[in-house]
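Asks: 3D, please:
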Amino acid sequence: MKRASLAAIAGSALCASGAAFAQASQVQGPVTGSSVTLFGVADAAVAYGSGSIATKTQLISSGNTASRIGFRGIEDLGGGLGAGFWLESGVSVDTGTGVAGNTNNQASGATSADALSFNRRSTVSLIDLWGELRLGRDFTAHYRNRTDVDPFDNNGVGTIQPQAGSIAGPTSPRASNMVGYFLPPGLGGFFGEVQYFMGENQKHTPAADDGTGVSGRVGWRSGPFGIAVATARTDYQQTATNGDIRSTNVGASYDFQIVEVSAGYYRDKVESFQPVTATGYAVGVIVPVGFDQIKFAWSRYGTDAIGDPAARKLSLGYVYSFSKRSVAYATYSYLSNSGGSAVGLNGSITAPDRSSYGYDLGFRHSF
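Replies: Residues are numbered from 1 along each chain as shown. Okay, the predicted model is just below:
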């Protein structure tokens, strides 16, 4: 049976890949045909986490790629204009249930994870030479910029994304009630997007603007090199612990063919009465081995709270391709805490300033 790389598998599922700046290719040029596609990913893994206080063993979903089922389609309206839709629901393969979403980008809008819902993406689009106008629920631009340089695509124990204690807020990774615009392809390697999303609260109240914000990014990719910068702001009523959340990040990657290297810098700030700022750094490596992949990542995320709590993590993974659509994988991560941080991997519990480790052993099939 012919084997295929993770990138090829992800290409068939659209967005399943962690390859740098792959999301920029979602925007199409003039539409010349019509189609409707059913797609999905089923991913499950045995996950173990060890901490100084408690360990945990469990079966999880999405250890390598987010499990999902979706429908997407596009209609040729003539003259290069197209109409499209995308409905994508997260699935917990280990339990058969759905994945929680959010209706208003606030804590009050959190939805149940018991039933399937199109929590991952629910959009309708108009596409033409001028780009794409996209309405609905989708990834935010600043989150897309994070995952584009994450070798583990923000899945499983190996991800470079902030661990427990992240202050990025409800609109990372997605936002509802969104109006977005994407630049068209063919701009000399430049790509970009801007989004405005709404909390949809009653006006003339203290929380009128909660969950409302903007997110955008701009980047350039030519050959093996890509770089992009993103920024976002989400409004929240100011309290002792909450307030407007501002996020800025930069990501870059270079594909040397024998190895792809990526790096990212992240800065999140909560403008409460006592503002808190968090910074993060990450370096990732993907080494193709035939049709397989070796993955490596180092990341750090910490805040300027008392003691400067921070977590640092090293991750190593291997992806073995049985075929174009089926892979097995193993990932191991070690995390060290400092400054009072107490992050535990894969559901484990660890004391402040103590370490934690964990691993995922799983299988994924895409269609």
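Asks: now the one helix or strand Leu361 maps to: buried residues?
Replies: Following DSSP states H and E, the helix or strand that holds Leu361 is strand 356-366. For strand 356-366, a neighbour-count test (16 or more other Cβ atoms under 10 Å) marks 356-360, 362-366 as buried. Using the backbone N, CA and C atoms, a C-beta is placed for each residue, glycine as well.
Asks: can you give me the helices for this protein?
Replies: 6-13, 141-147 (DSSP state H).
Asks: rank those by pLDDT, which is bottom?
Replies: Lowest mean pLDDT of the helices of the chain: helix 6-13, a mean of 32.
Asks: ok, back up a step: and the buried residues of strand 356-366 as TSV, adding distance to Ala54 and pLDDT?
Replies: TSV is the format used below for these (distance: Cβ to Cβ, whole Å; pLDDT from 0 to 100):
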residue	distance to Ala54	pLDDT
Ser356	10	97
Tyr357	13	97
Gly358	12	97
Tyr359	16	98
Asp360	18	98
Gly362	22	98
Phe363	27	98
Arg364	28	98
His365	32	98
Ser366	34	97
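Asks: closest to Ser34 among these?
Replies: Ser366 (23.6 Å; Cβ to Cβ).
Asks: the closest one against Gly40, yeah?
Replies: Yes. In this structure, Ser366 is within contact of Gly40 by Cβ atoms under 8 Å, at 7.0 Å.
Asks: isn't Glu193 right up against Phe139?
Replies: No. Shown here, Glu193 and Phe139 do not form a contact pair, counting by Cβ under 8 Å, at 9.7 Å.
Asks: look at these two and report which has more neighbours.
Replies: Neighbour totals were compared for Glu193 and Phe139, and Glu193 leads with 28 against 24 (other Cβ atoms under 10 Å).
Asks: and that one, what does it touch?
Replies: Counting by Cβ atoms under 8 Å, 6 or more residues apart in numbering, Glu193 makes contact with 141, 144, 180-183, 216-217.
Asks: kindly recompute the last result at 7 Å.
Replies: For Glu193, the contact set (Cβ atoms under 7 Å, 6 or more residues apart in numbering) comprises 141, 180-183, 216-217.
Asks: repeat that for Thr331.
Replies: With contacts defined as Cβ under 7 Å, 6+ apart, Thr331 is in contact with 156-158, 315, 317, 359-360.
Asks: for the residue nearest the centre of the chain, which non-adjacent residue is closest in space?
Replies: Closest to where the C-alpha atoms of the chain average out (Cα atoms, centre = their mean) is Thr147, at 4.7 Å. In space, Thr147 comes closest to Asn154 once its chain neighbours are excluded; the distance is 4.9 Å by Cβ to Cβ, 6 or more residues apart in numbering.
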